[in-house]
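S.K.: Give me coordinates for this.
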Amino acid sequence: MNKKKLFVGTLMLALMLSGCTKQDDRSAINVKAHNNSSTKVNKKVVEANNKKENSRLIFFNKKIKSVTSGILLPQDDGLKQGSSNLNMRFENNPDQSVVYYSVGESKQKFNDEILKKELPYAILTMRSNMTNEKMDKLIGYRDAKDDAGLRQIKLNDSITAAVDAGAGQQYLHFVKGNWSIIVHASSIMNQSAEKPALKLLNLIEKYGLPKTTGKSTIYITAGKSKGSLNNVFKWQLNDKYYQLDTHSLTTALKMLSSLE
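M.R.: Now for the predicted structure:
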């Protein structure tokens, strides 16, 4: 009799534990489902905020596209702050289109004359109707073999740069894919070419570079001053020449990665 009671008790305990385990499993599934749902909601919130921050950019882009349908334009203004006061003006002719991006103390109408007095933080240029020879000259690609005899330094596990220094100036050159990259620094101003080069590589790793159909160049000048556009990107896409000049390197990569 005691054995029978013991068996029944053991059976009841096993059933109770089994029920708890199933309940725990259901709870774990519910938590996972809730986390996945929260992640999707957060992603949608971020996307909505980004769209809201770039609403002026999107509005201005539509105006430019209505005039020049073939131009690629950034969908990200590249700004950390100030998107609500983004201003843009546009110059266009059959051979060239130029977009000026600036941040003002207040919002201005697209292409307002007053914007000519605002310092742009970025300028995007597209040129067409050019020969390949003229395009190559504008891009100014430098091959790695041109660095023969120069001192070499290692930037990371896969990239080695050549250093050309003299008369208080330092030029650091390396090639990444189709891109020839030159960083210029002034030794007199105690500037280092290596620091912006490493920053650029980190940003490329994060954002990537735009699609090209030919040789391309990046020219960076170390240091900043008011209104300076020290980061210059030049590339070919089919029969078009593109150039982006920016004040900030981070801004450049964010804009380039969002071209459409």
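S.K.: So Pro196: helix, strand or coil?
M.R.: Using DSSP: H, G, I helix; E, B strand; the rest coil, the structure places Pro196 in helix.
S.K.: Check the contact between it and Ser248; I expect there is one.
M.R.: No - Pro196 is beyond contact range of Ser248, at 11.3 Å (criterion: C-beta atoms under 8 Å). C-beta here means a position set from N, CA and C on the backbone, and glycine is covered the same way.
S.K.: Those two - which one has more neighbours?
M.R.: Shown here are Pro196 and Ser248; by other C-beta atoms under 10 Å, Pro196 has more neighbours (21 against 18).
S.K.: Just give the number of residues close to Lys215.
M.R.: 19.
S.K.: Can you tell me how far it is from Lys234?
M.R.: 9 Å (C-beta to C-beta, to the nearest Å).
S.K.: what sits in contact with each of these two?
M.R.: Shared contacts of Lys215 and Lys234, defined by C-beta atoms under 8 Å, 6 or more residues apart in numbering, are found at Ile139.
S.K.: State the number of residues packed around Ser216.
M.R.: 22.
S.K.: Just list the residues touching the residue lying closest to it once chain neighbours are set aside, thanks.
M.R.: In space, Ser216 comes closest to Trp235 once its chain neighbours are excluded; the distance is 3.7 Å by C-beta to C-beta, 6 or more residues apart in numbering. Each residue near Trp235 by C-beta under 8 Å, 6+ apart is listed here: 139, 178-179, 210, 212, 214, 216-217, 241-243.
S.K.: So for these, which is the shakiest by pLDDT?
M.R.: Among those, Gly214 has the lowest pLDDT, at 92.
S.K.: My assumption is that that one lies in a helix; please confirm.
M.R.: No - the assignment for Gly214, made by three-state DSSP, is coil rather than a helix.
S.K.: ok, then the element right after the worst-scoring helix or strand of the chain on mean pLDDT?
M.R.: The weakest-scoring helix or strand in the chain, judged by mean pLDDT, DSSP states H and E, is helix 2-53 (a mean of 48). Once the chain leaves helix 2-53, the next helix or strand it forms, by DSSP states H and E, is helix 55-67.
S.K.: outside of that next one, which residues touch it?
M.R.: 51, 71, 73-77, 83-84, 86, 88, 90, 92, 97, 99, 107, 110.
S.K.: likewise stretch 252-260?
M.R.: Stretch 252-260 is contacted from outside by 72-78, 122, 124, 203-204, 206-210, 231, 233, 244, 246, using C-beta under 8 Å, 6+ apart.
S.K.: ok, of those residues, which come out buried?
M.R.: 72-78, 122, 124, 203-204, 207, 209-210, 231, 233, 244, 246 (16 or more other C-beta atoms under 10 Å).
S.K.: A strand includes Ser180, no?
M.R.: Yes - according to three-state DSSP, Ser180 belongs to a strand.
S.K.: which ones are touching it?
M.R.: Contacts of Ser180 (C-beta under 8 Å, 6+ apart): 141-143, 173, 215-218.
S.K.: Can you say which of those residues are buried?
M.R.: 141-142, 173, 215-218.
S.K.: Kindly state the domain boundaries assigned to this protein.
M.R.: 1-53, 70-256 (automatic domain parsing).
S.K.: looking at those, which has the lowest confidence?
M.R.: Among the domains of the chain, domain 1-53 scores lowest, with a mean of 48.
S.K.: The helix or strand harbouring Gln152: which residues count as buried?
M.R.: According to DSSP H and E, Gln152 maps onto strand 151-154. Residues of strand 151-154 include none that count as buried (16+ other C-beta under 10 Å).
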